[in-house]
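Peer 1: Please find the sequence and the predicted model below.
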Amino acid sequence: MEYGAVRVLDGVDLTVRAGEIIALLGPNGAGKTTTIEILEGFRHRSAGRVEVLGRDPEHVGEAWRADLGVVLQSWRDHGVWRVRELLHHIGRHYAAYATPERPRPVDTDVLIDRVGLNGNAQKRVKQLSGGQRRRLDVAIGLVGRPRLLFLDEPSAGLDPQARREFHDLVHDAVDENDTAVLLTTHDLDEAERLADRILVLTGGRIVADGSAEELVLALGGDSEVVWSVDGRRNVHSTREPARFVADLYAEHGDAVADLRVGRATLEDVYMDLVRRHEAGDARSAADEFERKTR
Ligand SMILES: Nc1ncnc2c1ncn2[C@@H]1O[C@H](COP(=O)(O)OP(=O)(O)OP(=O)(O)O)[C@@H](O)[C@H]1O
């Protein structure tokens with residue numbers, strides 16, 4: 001993908017399966033929104049092959065679009081509509097695409113309840129707080145019971161409780177409808193909790209692809225084991241902390257005290273990948289990841 005002479009995406013290669021939750025991470029300007037917009041059919045790509053639900057998003061019709069749920073980063077339309085009225089109105093559009101396996105739309109009141117907008121159903125959209133607005137956005141994304149849900153920074157502005165409820169909501173949608181979810185986020189904790197797979201986009205390509213656990217294991221380096229015996233503190237770095245600790249206990253038994261095993265976090269791994277990209281070393285980071293996970 002190029003904007004004028006600037007190449008933003010260069011060799012992004014990704015496959016998403018039904019029922020999978022994928023988090024797309026990357027620094028500001030990495031091309032996450034651009035990627036999502038291309039997949040949604042909202043943006044012409046400069047080159048490359050894209051297939052979404054079996055179709056090229058540049059050549060699709062309303063039936064294809066009805067299978068998609070979309071939560072954009074921000075939009076300001078519909079301010080004068082009331083919450084319930086707007087959801088009901090948007091939902092009606094999906095009725096024509098209902099099937100026995102996929103009844104459409106989701107009942108307006110059920111949805112309002114599930115996104116926690118009960119007390120605000122009669123409010124006008126422009127009267128909602130930022131977080132309430134975001135809940136409405138998520139409801140709009142779900143009202144058509146999508147097969148594929150795109151969420152661009154969905155939980156930005158949500159309070160911790162709403163964020164947790166939102167995670168449950170996404171998991172429920174996936175469990176009930178086998179919905180595939182592609183979300184962007186800057187919240188690594190959210191990515192770790194929510195996603196089956198995390199993709200790190202930087203330097204125009206995906207430099208890491210795996211579960212949080214796999215990323216940390218492949219790129220996180222050694223774990224650090226700290227313990228003391230007879231009041232003497234020890235530190236040891238190891239790839240296999242569980243085995244090391246087992247050996248430690250086999251040797252010292254109850255004399256082992258103050259044991260702590262520290263491991264790189266997803267944030268450490270992510271920051272390291274991005275730092276390497278900024279130092280012009282993204283390709284080596286990606287190659288290292290591929291080598292270690294092959
Ligand atoms: N319509 C456009 N015309 C020209 N350049 C654009 C356009 N849209 C985005 N860009 C540029 O493309 C790059 C990728 O932008 P994009 O919005 O996809 O990034 P992002 O990863 O979603 O960022 P953020 O985390 O800040 O939301 C940025 O350098 C941006 O300035």
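Peer 2: Looks like it came in fine. Numbers count the residues shown, from 1 in each chain.
Peer 1: quick one, helices of the stretch 51-200 of the chain?
Peer 2: Ranges of helices in the stretch 51-200 of the chain, per DSSP state H, counting those that start in this stretch, are 62-66, 83-94, 108-114, 130-142, 160-177, 188-194.
Peer 1: Which residues does the fourth one contact?
Peer 2: The one in question is helix 130-142. 69-72, 75, 83, 86-87, 90, 106, 111-112, 114-117, 120, 123, 125, 128, 149-151, 154-159, 162, 166, 169, 173 (CB atoms under 8 Å, 6 or more residues apart in numbering). No exception for glycine: its C-beta is placed from N, CA and C like everyone else's.
Peer 1: Present the helices of the stretch 51-200 of the chain as a markdown table; the columns should include mean neighbour count and distance to Arg239.
Peer 2: Formatted as a markdown table, those follow (neighbours: other CB atoms under 10 Å; distance: least, CB to CB, whole Å):
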| stretch | mean neighbour count | distance to Arg239 |
| --- | --- | --- |
| helix 62-66 | 15 | 47 |
| helix 83-94 | 19 | 51 |
| helix 108-114 | 17 | 44 |
| helix 130-142 | 22 | 41 |
| helix 160-177 | 16 | 32 |
| helix 188-194 | 19 | 21 |
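Peer 1: Any chance of a markdown table for those helices, columns mean pLDDT and distance to the ligand?
Peer 2: Shown next, in a markdown table, are those (pLDDT from 0 to 100; distance: least, CB to the nearest ligand atom, whole Å):
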| stretch | mean pLDDT | distance to the ligand |
| --- | --- | --- |
| helix 62-66 | 95 | 21 |
| helix 83-94 | 95 | 25 |
| helix 108-114 | 94 | 27 |
| helix 130-142 | 89 | 15 |
| helix 160-177 | 88 | 18 |
| helix 188-194 | 92 | 13 |
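Peer 1: Columns distance to Thr265 on top of the ones you listed, output as JSON lines?
Peer 2: Output for these, formatted as JSON lines (distance: least, CB to CB, whole Å):
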{"stretch": "helix 62-66", "distance to Thr265": "39"}
{"stretch": "helix 83-94", "distance to Thr265": "38"}
{"stretch": "helix 108-114", "distance to Thr265": "31"}
{"stretch": "helix 130-142", "distance to Thr265": "26"}
{"stretch": "helix 160-177", "distance to Thr265": "19"}
{"stretch": "helix 188-194", "distance to Thr265": "8"}
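Peer 1: of the ones you listed, which approaches Gly19 most closely?
Peer 2: Closest approach to Gly19 among those is made by helix 160-177 (5.7 Å; CB to CB).
Peer 1: I'd like to know which elements the closest one is packed against.
Peer 2: strand 21-25, helix 130-142, strand 148-152, strand 180-184, helix 188-194 (3 or more CB pairs under 8 Å, 6 or more residues apart in numbering; DSSP states H and E).
Peer 1: Neighbouring strands of the third one in the sheet, and parallel or not?
Peer 2: Going back to what we said before, that points to strand 148-152. strand 68-71 (parallel), strand 180-184 (parallel) (DSSP bridges).
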